[in-house]
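Asker: fold the stuff below for me.
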Amino acid sequence: MTKLSVNINKIALIRNSRGSDYPNLVQVAKDCERFGAQGITVHPRPDERHVKFSDCPELKEVVTTEFNIEGYPSEQFIEMCLNVRPHQVTLVPDPPGALTSDKGWDTITNASFLRDVVYELKRSGARVSLFIDPIEQLIEGAADISADRIEFYTGPYAHIFKDNPEHAVRKYKQTAPYAHQLGLAINAGHDLNLYNLKYFRQNIPNLAEVSIGHALICDAIYLGLENTIQLYRRCLED
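Answerer: Model prediction:
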């Protein structure tokens, strides 16, 4: 079964907007797990407009499923991950001022840099995943630098899905078996929602995990957090 990791960045954004501790991020993480989330994801950015670096140790203490920290591997980010020791680190090629993630790694050009980072993080006990586009050469590059997983960047899939689902999923469907053949487990994330998630899961063999934040929190405004998590879980069932 594909696992659902709930990204709580948007909860942190609401909290930060009032300069208080409401909603409390630790309590929301615990509630998400209680409602059925099989993992908690955070993406601390340099400006800390969402999750703050200081949130991560507190979250690691309470998350009982899987704690996934994603972000650009700056010195600050790497040091924090080595101290917190999350279950999974997902490396994303975001420049410092990025609004959101919009592409995967070029694992060929950045091979030397990524190899060193992956080695250091794996030595701390973390599983390492690389945010990546569905291109065979880049997937092979991820395997060459000893990543454990890839996370398909699904923004293009979501953008095309409404007009042509078959075309939208084609590259992911073609490259997923190659990733599996290379020994890479497969995650996915970005703009997945209740409308397009089930089709993606049905077409991607060996999909281990999806990380969903923005759409899930938006749905929760209307449907409630517990009900929304259950609806997303159903999309991932066989």
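Asker: every contact and neighbour count from this point should use C-alpha atoms.
Answerer: Noted.
Asker: what about stretch 199-207, distance to the chain center?
Answerer: 16 Å (Cα atoms, centre = their mean, to the nearest Å).
Asker: so which residue is dead centre in the chain?
Answerer: For the chain, S211 is the residue whose C-alpha lies nearest the centre (Cα atoms, centre = their mean; 4.2 Å).
Asker: so where does A208 fall, helix or strand?
Answerer: A208 belongs to strand 207-212 when assigned by DSSP states H and E.
Asker: who does whichever helix or strand comes after that strand touch, helix- and strand-wise?
Answerer: Proceeding N to C from strand 207-212, the next assigned helix or strand is helix 214-223, under DSSP H and E. Secondary-structure packing of helix 214-223 (3 or more Cα pairs under 8 Å, 6 or more residues apart in numbering; DSSP states H and E): helix 9-17, helix 225-235.
Asker: tell me the buried residues in the shortest one?
Answerer: Okay, so that is helix 9-17. 9-16 (16 or more other Cα atoms under 10 Å).
Asker: now these as a markdown table including distance to T2?
Answerer: A markdown table is the format used below for the buried residues of helix 9-17 (distance: Cα to Cα, whole Å):
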| residue | distance to T2 |
| --- | --- |
| N9 | 21 |
| K10 | 23 |
| I11 | 24 |
| A12 | 26 |
| L13 | 27 |
| I14 | 29 |
| R15 | 30 |
| N16 | 32 |
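Asker: ok, those vs E75, which is closest?
Answerer: Nearest to E75, judged by Cα to Cα, of these is N9 at 21.0 Å.
Asker: can you pull the contacts of that closest one?
Answerer: 42-43, 50-51, 213 (Cα atoms under 8 Å, 6 or more residues apart in numbering).
Asker: if we go to 10 Å?
Answerer: Contacts for N9 (Cα atoms under 10 Å, 6 or more residues apart in numbering) come out as 15, 25, 41-44, 49-52, 213-214, 217.
Asker: from I108, how far off is it?
Answerer: 30 Å (Cα to Cα, to the nearest Å).
Asker: OK, contacts around D21?
Answerer: Applying Cα under 10 Å, 6+ apart, the residues near D21 are 12, 14-15.
Asker: give me that answer again for 6 Å
Answerer: By Cα atoms under 6 Å, 6 or more residues apart in numbering, the contact set of D21 is R15.
Asker: just checking, what packs against the lengthiest helix in the chain?
Answerer: The longest helix of the chain (DSSP state H) is helix 165-181. Judged by 3 or more Cα pairs under 6 Å, 6 or more residues apart in numbering; DSSP states H and E, helix 165-181 is in contact with helix 155-161.
Asker: list the contacts of the helix it packs on.
Answerer: 168, 190-191.
Asker: could you do stretch 176-191 as well?
Answerer: 148-155, 158, 207-211.
Asker: mind listing what's buried along that stretch?
Answerer: Buried-residue list, stretch 176-191, by 16+ other Cα under 10 Å: 176-177, 179-180, 184-191.
Asker: of those residues, closest to K103?
Answerer: For those, the nearest to K103 is H190 (10.0 Å; Cα to Cα).
Asker: give me the phi and psi for P57.
Answerer: phi -60, psi -40 (degrees, to the nearest 10).
Asker: do I150 as well
Answerer: Per degrees, to the nearest 10, the backbone of I150 is at phi -120, psi 150.
Asker: since we're on it, how many residues are nearby?
Answerer: I150: 27 surrounding residues under other Cα atoms under 10 Å.
Asker: hey, what's it bridged with?
Answerer: Per DSSP bridges, the residues bridged to I150 are L130, I186.
Asker: what's in contact with the strand holding A208?
Answerer: Contacting residues not belonging to strand 207-212 are listed as 2-7, 186-189 [Cα under 6 Å, 6+ apart].
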